[in-house]
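> Compute the structure for the input listed below.
(one chain, ligands or ions: 1)
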Amino acid sequence: MKTKKYSRAPSDAQDRISVKPTICYPIDSLKETNLPILHRVRKNLENISEIIIPPRDAKTFEVKKGQFFRIESIEGPQVGDLNIFQAINLEEKFFSGKTRALYGTHLSTGDKMLSCFPYLRSLATITWDTLDWYGYDKDGGSVHDVIGTRCDPYTSKLLSDNDYHYCCHSNLTRALVNEKGIKIDEAEKLVHDVLNVFMCTGFTNDTKQYFMKSSPVRPGDYLEFFAETDLLGVLSTCPGGDCGSEHSSDNVKCYPLKVSIWSASQDLLKDLTSSKISSYSRNHGLG
Ligand SMILES: [Zn+2]
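Numbers count the residues shown, from 1 in each chain. Okay, the predicted model is just below:
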């Protein structure tokens, strides 16, 4: 945190501080043309399956390329922590950091869930967000962040010396072990920084610390995605519930979440630009 200042400011400090910011990764060059097509297609989706994730737990789900999936609040305000992988190659997984660098701290309609290096392509596009009306609040907070990584037992142990087993990190690990038959060490390495679905977060103005406030999500709200490759998803119902007070404990009321899978007319999807794995040579200057 930049709250302690031991060094003396140079005489031109104000000049240096007042330079204008430049967007690091302008996305204008991406020429997004898929969203209008996806918005036409989503008017005629067919529900083909759904699963309910109980409170303080996680479950896996599979989505085929060309299908949509929704994460929906059903009984009360609840935050969900989402991991997604390419279904056949679990090494290709969601890259929260680069997604944040391109699309900002909080995602919504039209933003893409990018995969890690060396793939760096869109695994899924967000096609609808019933909470997009929230925008950014007066504290700079918003919904669906890619800044908070996930609640986990290691940070809980570090800060409060608790052994708590139902953090999102553990829930995601447990689902991969129990449902996909992956060994615990391997599963834990596959779990990655999440999309915090429905969570309302930001950075404080003074110290830029990560904050959370009660999620505005209510039953019936959903976040919808279009799968750009075959996907394995894992969703945890955060033990923080609506994440308005605390997490990493059994103290707050938690609710289930629903994941539903929807098929679309493949004929209507034929004009989409498909998501391709990065064409970078991977030479890295090595000749
Ligand atoms: Zn959590």
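
> Tell me where the protein has helices.
13-17, 34-41, 96-103, 153-160, 168-180, 184-190 (DSSP state H).

> Up against the ion, what does the stretch 101-250 of the chain have?
Proximity of the stretch 101-250 of the chain to the ion, by Cβ under 5 Å from the ion, involves residues Cys151, Cys168, Cys238. For glycine as for every other residue, the C-beta is placed from the backbone atoms N, C-alpha and C.

> where along the stretch 1-150 of the chain do the strands fall?
Using DSSP state E, counting those that start in this stretch, the strands found in the stretch 1-150 of the chain span residues 46-53, 58-63, 68-73, 80-86, 112-114, 122-129, 142-145.

> other SSEs contacting the last one?
With contacts defined as 3 or more Cβ pairs under 8 Å, 6 or more residues apart in numbering; DSSP states H and E, the secondary structure elements packing on strand 142-145 are strand 195-203.

> Quick one: list the elements packing against the strand it packs on.
strand 68-73, strand 80-86, strand 142-145, strand 210-213.

> Buried residues of that strand, list them for me.
Buried residues in strand 195-203, defined by neighbour count with 16 or more other Cβ atoms under 10 Å: Leu195, Asn196, Val197, Phe198, Met199, Cys200, Thr201, Gly202.

> same thing with stretch 177-189?
Val177, Ile182, Ala187, Glu188.

> and if you look at stretch 249-258?
Ser249, Cys254, Tyr255, Pro256, Leu257, Lys258.

> if I pick the fifth one, what's in contact with it?
Leu257 makes contacts with Ile52, Ile53, Ile71, Glu72, Ser73, Ile74, Gln78, Gly80, Leu235, Thr237, as judged by Cβ atoms under 8 Å, 6 or more residues apart in numbering.

> Adding neighbour count, write the residues you listed out as JSON lines.
Below are the contacts of Leu257 laid out as JSON lines (neighbours: other Cβ atoms under 10 Å):
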{"residue": "Ile52", "neighbour count": "15"}
{"residue": "Ile53", "neighbour count": "25"}
{"residue": "Ile71", "neighbour count": "24"}
{"residue": "Glu72", "neighbour count": "22"}
{"residue": "Ser73", "neighbour count": "26"}
{"residue": "Ile74", "neighbour count": "15"}
{"residue": "Gln78", "neighbour count": "26"}
{"residue": "Gly80", "neighbour count": "28"}
{"residue": "Leu235", "neighbour count": "28"}
{"residue": "Thr237", "neighbour count": "25"}
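
> Export those residues to a markdown table and append columns for pLDDT.
Shown next, in a markdown table, are the contacts of Leu257 (pLDDT from 0 to 100):
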| residue | pLDDT |
| --- | --- |
| Ile52 | 98 |
| Ile53 | 98 |
| Ile71 | 98 |
| Glu72 | 98 |
| Ser73 | 98 |
| Ile74 | 97 |
| Gln78 | 98 |
| Gly80 | 98 |
| Leu235 | 98 |
| Thr237 | 98 |
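
> any idea how far Glu75 lies from Cys168?
Taking Cβ to Cβ, to the nearest Å as the measure, Glu75 and Cys168 are separated by 19 Å.

> Counting neighbours, go ahead and name the busier of those two.
Cys168 (31 against 13; other Cβ atoms under 10 Å).

> Quick check: that one touching Asp152?
Yes. The pair Cys168 / Asp152 is scored as a contact, 7.2 Å apart, by Cβ atoms under 8 Å.

> Phe69 touches Leu232, doesn't it?
No. Between Phe69 and Leu232 there is no contact under Cβ under 8 Å: 11.4 Å.

> Between those two, which contacts overlap?
Residues touching both Phe69 and Leu232 by Cβ under 8 Å, 6+ apart: Phe61.

> So which of the two has more stuff around it?
More crowded of Phe69 and Leu232, by other Cβ under 10 Å: Phe69, with 26 against 21.

> what does the model give the more buried one for pLDDT?
Here, the pLDDT recorded for Phe69 equals 98.

> quick one: contacts for it?
Contacts of Phe69 (Cβ under 8 Å, 6+ apart): Phe61, Val63, Ala124, Glu224, Phe225, Ala227, Leu231, Gly233, Val259, Ser260, Ile261, Trp262.

> so where's the stretch 51-200 of the chain uncertain?
Along the stretch 51-200 of the chain, no part satisfies pLDDT under 70.

> distance of Tyr255 from the ion?
For Tyr255, the distance to the ion equals 13 Å [Cβ to the ion, to the nearest Å].
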